[in-house]
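Q: I need the structure of the sequence given here:
(one chain, ligands or ions: 3)
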Amino acid sequence: MTGTTTAYLGLGSNLGDRREILRRAAGALDEVTVVSPVYETDPVGGVEQEAFYNIVVEVETRLNPHELLARCQELERAEGRVRTVRWGPRTLDVDLLLYGDRRIDTPDLVVPHPRMHERNFVMVPLLDIDPALVGHRLLAGYDPATAIGEVRKVGPL
Ligand code: X6L
Ligand code: MG
Ligand code: MG
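A: Ligands and ions are numbered 1, 2, ... in the order given. Below is the predicted model of the structure:
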């Protein structure tokens, strides 16, 4: 549709009722066009912590990238996210993965999300939504053989 951009958001939770938190967050977003299956995923990076539930959603948005980022942060706050330990447990994390085919490099926002292509908890649900994204020019660094972290499909959100 003209005036809209296809963007992909990665959502993760490993504190509280993970599935319910992801449901509320995906339900609160306007213009969600596709929701991936839910994966239970081994934590990658940071401290020892519980397994995550991760999903990716496709949105058809009229927001610009910074407005969309602000919306993601609003959703995190709505779920009571408290930032203590870097890469530590969180009720909700919402990351802007891709925004059309734009590259954005500003102090507060980098798109594509840096290193997303190294992480199975992002790439597996993303490619479930659209396997043709393997050919996306901004995902050229993706190699399924070297992406890290075990993921197990749980089912629909
Ligand atoms: C070396 C050093 C290798 C750091 C990897 C990877 C750090 C990912 C942070 C890393 C490194 C992250 C989630 C998660 C986090 C999530 C799962 C991060 C930030 N978020 N693990 N770990 N799902 N499974 O949503 O992504 S913390
Ligand atoms: Mg994240
Ligand atoms: Mg984040």
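Q: Which residues of the protein lie near ligand 2?
A: D93, D95 (C-beta under 5 Å from the ion). The C-beta positions use only the backbone N, C-alpha and C, and glycine is treated the same way.
Q: same thing but at 6 Å, please
A: Neighbours of ligand 2 within the chain, by C-beta under 6 Å from the ion: G12, D93, D95.
Q: Which of those fall in strands?
A: Among these, the members found in strands (DSSP state E) are G12, D93, D95.
Q: Who wins on neighbours among those?
A: Counting neighbours by other C-beta atoms under 10 Å, G12 leads these with 23 neighbours.
Q: Model confidence for that residue, exactly?
A: Note for G12: predicted pLDDT of 98.
Q: Begin at 50, not 1, for the rest of this chat.
A: Noted, 50 is the first residue going forward, which turns the last one into G61.
Q: From the residues of the chain next to ligand 2, list the ones also adjacent to ligand 3.
A: D142, D144.
Q: ok, which of the residues of the chain next to ligand 2 also contact ligand 1?
A: Residues shared between these and the neighbourhood of ligand 1 are G61, D142 [C-beta under 6 Å from any ligand atom].
Q: Which one of the residues of the chain next to ligand 2 is nearest to V173?
A: The shortest approach to V173 among those belongs to G61, at 12.8 Å (C-beta to C-beta).
Q: just to revisit the earlier point, compile the residues of the chain next to ligand 2 into JSON lines and extend it with columns for distance to V160.
A: Shown next, in JSON lines, are these (distance: C-beta to C-beta, whole Å):
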{"residue": "G61", "distance to V160": "17"}
{"residue": "D142", "distance to V160": "16"}
{"residue": "D144", "distance to V160": "10"}
